[in-house]
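> Sequence unavailable; structure follows:
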């Protein structure tokens, strides 16, 4: 009986892993991405971003995205949020220019979002596109910054 029970547990464990592994493999949006500042742009110049690293990982409540880096003037940036990718607004923790984000997973390669700051004028829409193999993440953000000025930001990231 012990051998049968142990064999059954191993089979159930193997089947569970087999069911979960394709889900991880299919989500090319997960991983750590480093900003390629030479390929990135900001209008109007200058780009306020100096360095960024974005980590996207599965969590109990969806996908958690953590961003760490440096802005112009040697200002450190740390922000994180967890989203189900269904377009529902969620709070952003840290010191990002926005305090709320609503993220929608459009397809395997595309994510859209709407960002806002409840304390100032910041309002923007973003579109994140991942290459087929997930090697590059390009984030295009258009909106109004905290000072009420229009901006367009294109951030290109390389997967680490």
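Received, thanks. These numbers come from a predicted model, not from an experiment.
> now the helices for this structure?
2-26 (DSSP state H).
> Mind jotting down where the strands sit in it?
With DSSP state E, the ranges of strands along the chain come out as 31-35, 41-43, 49-59, 62-71, 75-83, 86-91, 93-94, 100-107, 110-116, 123-130, 136-144, 150-159.
> Please tabulate these in CSV, including the columns mean neighbour count.
Glycine gets a C-beta too; all of them are placed from N, C-alpha and C. What follows is those, written out as CSV (neighbours: other Cβ atoms under 10 Å):
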stretch, mean neighbour count
strand 31-35, 19
strand 41-43, 13
strand 49-59, 16
strand 62-71, 17
strand 75-83, 17
strand 86-91, 13
strand 93-94, 14
strand 100-107, 16
strand 110-116, 19
strand 123-130, 18
strand 136-144, 18
strand 150-159, 17
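> Kindly reformat those strands as TSV containing mean pLDDT.
Listed next are those as TSV, based on pLDDT from 0 to 100:
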stretch	mean pLDDT
strand 31-35	98
strand 41-43	96
strand 49-59	97
strand 62-71	97
strand 75-83	97
strand 86-91	98
strand 93-94	98
strand 100-107	97
strand 110-116	98
strand 123-130	98
strand 136-144	98
strand 150-159	97
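> Report how many residues lie close to residue 36.
15 (other Cβ atoms under 10 Å).
> isn't it right next to residue 154, touching?
No: Residue 36 is not in contact with residue 154 according to Cβ atoms under 8 Å; the separation is 10.9 Å.
> give the contact list for residue 32.
Counting by Cβ atoms under 8 Å, 6 or more residues apart in numbering, residue 32 makes contact with 53, 54, 55, 56, 159, 160.
> Closest one of the residues you listed to residue 147?
Distance to residue 147 across the contacts of residue 32 (Cβ to Cβ) is lowest for residue 54, with 24.4 Å.
> Contact partners for that closest one?
Per Cβ under 8 Å, 6+ apart, neighbours of residue 54: 32, 33, 35, 65, 66, 67, 137, 157.
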